[in-house]
Structures are given as structure tokens and as C-alpha cells.
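Visitor: The following block contains a protein sequence and its predicted model.
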Amino acid sequence: MSAHRSTDYEIDSDLARMDLDRVHQWLSTDAYWALGRTRETVETAARNSLNFGAFTSDGTQVAYARVVTDHATFAWLCDVYLDRDHRGQGLGTRLSEAVVAKLRPMGLKGVLLSTLDAHDLYARVGFVPMPNPEKLMILDQSGS
């Protein structure tokens, strides 16, 4: 386990600072929702999104989050990943707080996310269960 504490990290949203090779490695090999994602897809998604990274004092990226948004009405928080050596130290909460702080002033009507196991973390920064989830639909990608 790393000796870093949550206060030792810098959160930045500058795309140029994101280590997309590292992000690709995390997502494509260790994130259940993105296993096998190509490096090209990671880069295209990053270029067309708001990106957040957490960095150690030496500049090493140790966490990532991406927000798909139109900057006016809607956002979707996705691809949140913390390096395994930096988990359990409050970094996930700090990263989520930074995302929320950037999005709140936009006055968006909705900010969504999907999580399998981090409901408590996201509740700490203001996320609640979806009201009326029966209204949501998803496009069938099976081609039929």
C-alpha cells in the first residue's frame, strides 16, 4: 500500500496531463465495464469529454474519471478508476468531489452515473438513487 494520504494528491482536469496509456491499461484490463477497450477508444472518449486525474507529488497519475457532457443540460460520470495501490485513502471521494464542484456551476438538469459497488462513495458527494428508473431506456446495440 502506498504511503500517500488523500491530501497528498493533486486533482487536475487538463487533458494534456492525462496519462492515457496508463488509463487505457487500467480500463482495458481491470475495470469490469471496459475490459478489452482499445487505446484508440480511450483516447477518442477522453478528447470528447471532461477528464479528471489525481496525481502524486511526482506527477504520476493514480486515478481517472471522465464526464460526458453538453455543458448545458446533462452529464454522465463514467470511467472512474483508482490505481489499486491508492485505494482506501479517501481519494475516490476527493476525485468525486472535484467532479461535482466542476459540474454544479453549469446548472445541469441531470448528472448520471452507473455503479455496481460504490453507492456509498457517490452518496457522500450528493448522488441519490434514480427517481422513476422505469423512465430510462437504452438503445439495443444487438443490431436487431
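Guide: Great, that's in hand.

Visitor: OK, contacts around Tyr9?
Guide: 54-56, 62-63, 86, 91, 94 (C-beta atoms under 8 Å, 6 or more residues apart in numbering). The way it works is simple: take the backbone N, C-alpha and C, and place the C-beta from them, glycine included.

Visitor: mind listing the strands in the protein by residue range?
Guide: Shown for the chain, the strands assigned by DSSP state E span residues 10-12, 50-55, 61-69, 74-82, 110-113.

Visitor: And Tyr9, its phi and psi?
Guide: Main-chain torsions, Tyr9, degrees, to the nearest 10: phi -100, psi 150.

Visitor: can you list the contacts of Tyr9 in a markdown table and add neighbour count and distance to Pro129?
Guide: Output for the contacts of Tyr9, formatted as a markdown table (neighbours: other C-beta atoms under 10 Å; distance: C-beta to C-beta, whole Å):
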| residue | neighbour count | distance to Pro129 |
| --- | --- | --- |
| Ala54 | 25 | 26 |
| Phe55 | 18 | 32 |
| Thr56 | 15 | 34 |
| Val62 | 23 | 29 |
| Ala63 | 22 | 25 |
| His86 | 21 | 28 |
| Leu91 | 23 | 24 |
| Arg94 | 17 | 23 |
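
Visitor: ok, which pair from the residues you listed is furthest apart?
Guide: Using C-beta to C-beta, the two most remote members of the contacts of Tyr9 are Thr56 and Arg94, lying 13.0 Å apart.

Visitor: before we move on, back to that, right, and the strands of the chain - which one's nearest Asp21?
Guide: If you check each of the strands of the chain against Asp21 by C-beta to C-beta, strand 61-69 wins as the nearest, at 9.9 Å.
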